[in-house]
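Visitor: just need the structure, nothing else, for what follows:
(2 chains)
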Amino acid sequence: DAGVTQSPTHLIKTRGQQVTLRCSPKSGHDTVSWYQQALGQGPQFIFQYYEEEERQRGNFPDRFSGHQFPNYSSELNVNALLLGDSALYLCASSLAQKIAGQGNTEAFFGQGTRLTVV
Amino acid sequence: RKEVEQDPGPFNVPEGATVAFNCTYSNSASQSFFWYRQDCRKEPKLLMSVYSSGNEDGRFTAQLNRASQYISLLIRDSKLSDSATYLCVVTYGGPFGNEKLTFGTGTRLTIIP
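Guide: Numbers count the residues shown, from 1 in each chain, chains lettered A, B, ... in the order given. So this is what the prediction gives:
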């Protein structure tokens, strides 16, 4: 089992450019969440995808968008990059909890993509 | 006020000592609680879930106090390999089942030989 894989591992972009990050979930998982982790901070929730739709969204501008494919893999797109977008971007996969209120199933994180905006 | 607050440390503790971390959360409707461990430049990994009744996993003990809205993690007989950042994580009840994880800033622990 390959676990959660993300690509690329490192990326350097210029202000104003656009970037696409990719995530393949752990085998058997159908839910993908994206998090941004700035240096010295905890991860911040960006959004979650399930059944190819954005189901939850954190406090991020609409420059941040995403997609989930039929094979459950996902992409995170960031437009008009700012210096403040420099961070570690983490993808987490899980198996959907079919019964609301029963608590989360375990989320597994990928190793992340370290984005530097210059 | 942050939703989840932790003392960022760093905690520098001699090998074999006992160390305790606390975390407070602001939303009384919080539903699930976890401790994650993150090694330097690596991804977070689930260390343990936290229950009101308290739970223990080897040298690690986690406790939840809903009335005071805090979560604790106790590490006994600390090892060099325990050096990491410990992240307190909370979820809130909602319609989705797998709710978003809300992380604290993390507490950095270094075990000294």
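
Visitor: could you pull out the strands for the chain?
Guide: All of this is about chain A. Taking DSSP state E, the strands of chain A run over residues A:5-7, A:10-13, A:19-24, A:31-37, A:44-50, A:53-57, A:64-68, A:74-78, A:87-94, A:108-109, A:113-117.

Visitor: my question was about chain B
Guide: B:4-6, B:11-14, B:19-25, B:30-38, B:44-50, B:55-57, B:60-65, B:70-75, B:84-92, B:102-103, B:107-112.

Visitor: and of those strands, who's closest to chain A?
Guide: Closest approach to chain A among these (CB to the nearest CB): strand B:102-103, 3.3 Å. Quick note: C-beta positions are derived from backbone N, CA and C, even for glycine.

Visitor: what strands line up against the closest one, and which way round?
Guide: With DSSP bridges as the test, strand B:102-103 is paired with strand B:84-92 (antiparallel).

Visitor: which residue of chain B lies farthest from its centroid?
Guide: Most distant from the centre of chain B: residue B:95, at 24.9 Å, with distances by CA atoms, centre = their mean.

Visitor: could you check how far it is from residue B:28?
Guide: Residue B:95 sits 19 Å away from residue B:28, going by CB to CB, to the nearest Å.

Visitor: picking up where we left off before, generate JSON lines for the strands of chain B, with mean pLDDT as supplementary columns.
Guide: Shown next, in JSON lines, are the strands of chain B (pLDDT from 0 to 100):
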{"stretch": "strand B:4-6", "mean pLDDT": "95"}
{"stretch": "strand B:11-14", "mean pLDDT": "96"}
{"stretch": "strand B:19-25", "mean pLDDT": "95"}
{"stretch": "strand B:30-38", "mean pLDDT": "92"}
{"stretch": "strand B:44-50", "mean pLDDT": "94"}
{"stretch": "strand B:55-57", "mean pLDDT": "93"}
{"stretch": "strand B:60-65", "mean pLDDT": "96"}
{"stretch": "strand B:70-75", "mean pLDDT": "96"}
{"stretch": "strand B:84-92", "mean pLDDT": "94"}
{"stretch": "strand B:102-103", "mean pLDDT": "96"}
{"stretch": "strand B:107-112", "mean pLDDT": "96"}
